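> I'd like to go over a predicted model; first the sequence, then the structure.
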Amino acid sequence: MKTIWKYEINKVVQELEIPFGAKFLHVGNQNGHICLWFEVESENKKETRRFEIAGTGKAQLDIDKKYLGSMIFHNHAFVWHIYEITEYVGKELD
């Protein structure tokens, strides 16, 4: 069944188990948490997908990734940029 699922991310690099083929819809702040929304086929087998949170002016991981969106927190004191990691480039992420 096609439905929308929400996932919360709270680490610099985080892996999520998401139904295969899920379509990214939106990144947003919900109650002070970074959340990602996907349209999923809930019956599909799950796959691991990886995401990165990068702060403005902070070093980013040297990896291939796709920009998903940015969010402002704490009265504009912090801006976080969210990426989906598409491929590791010669680095292990611990």
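Perfect, I can see it now. Numbering: from 1, shown residues only.

> dihedrals phi and psi, the residue nearest the centre of the chain?
Closest residue to the average C-alpha location of the chain: Phe51 at 4.0 Å, with C-alpha atoms, centre = their mean. Phe51 adopts backbone torsions of phi -130, psi 150, taken as degrees, to the nearest 10.

> how close does it get to Pro19?
16 Å (C-beta to C-beta, to the nearest Å). Heads up, the C-betas are built off the backbone N, CA and C, glycines and all.

> what does Asp64 give?
23 Å.

> these two - which one has more neighbours?
Pro19 (17 against 12; other C-beta atoms under 10 Å).

> residues contacting the more buried one?
Pro19 is in contact with 5, 40-47, counting by C-beta atoms under 8 Å, 6 or more residues apart in numbering.

> pLDDT weak spots in this structure?
59, 74, 76, 88-94 (pLDDT under 70).

> which residues in it form strands?
2-9, 13-19, 23-30, 33-41, 46-55, 64-73, 78-87 (DSSP state E).

> related to what we said a few turns ago, Produce a ChimeraX select command limited to the buried residues of the contacts of Pro19.
To isolate in ChimeraX the members of the contacts of Pro19 that are buried, counting by 16 or more other C-beta atoms under 10 Å, one can use:
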select :40
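
> between the contacts of Pro19, which sits nearest His81?
Using C-beta to C-beta, the shortest approach to His81 within the contacts of Pro19 belongs to Trp5, at 22.3 Å.

> is the closest one bridged to anything, and to what?
Counting by DSSP bridges, Trp5 is bridged to Phe38.

> cool, and Ile85?
Arg50, Lys65.

> thinking it is in contact with Lys65, fair?
Yes. Ile85 is in contact with Lys65 according to C-beta atoms under 8 Å; the separation is 5.0 Å.
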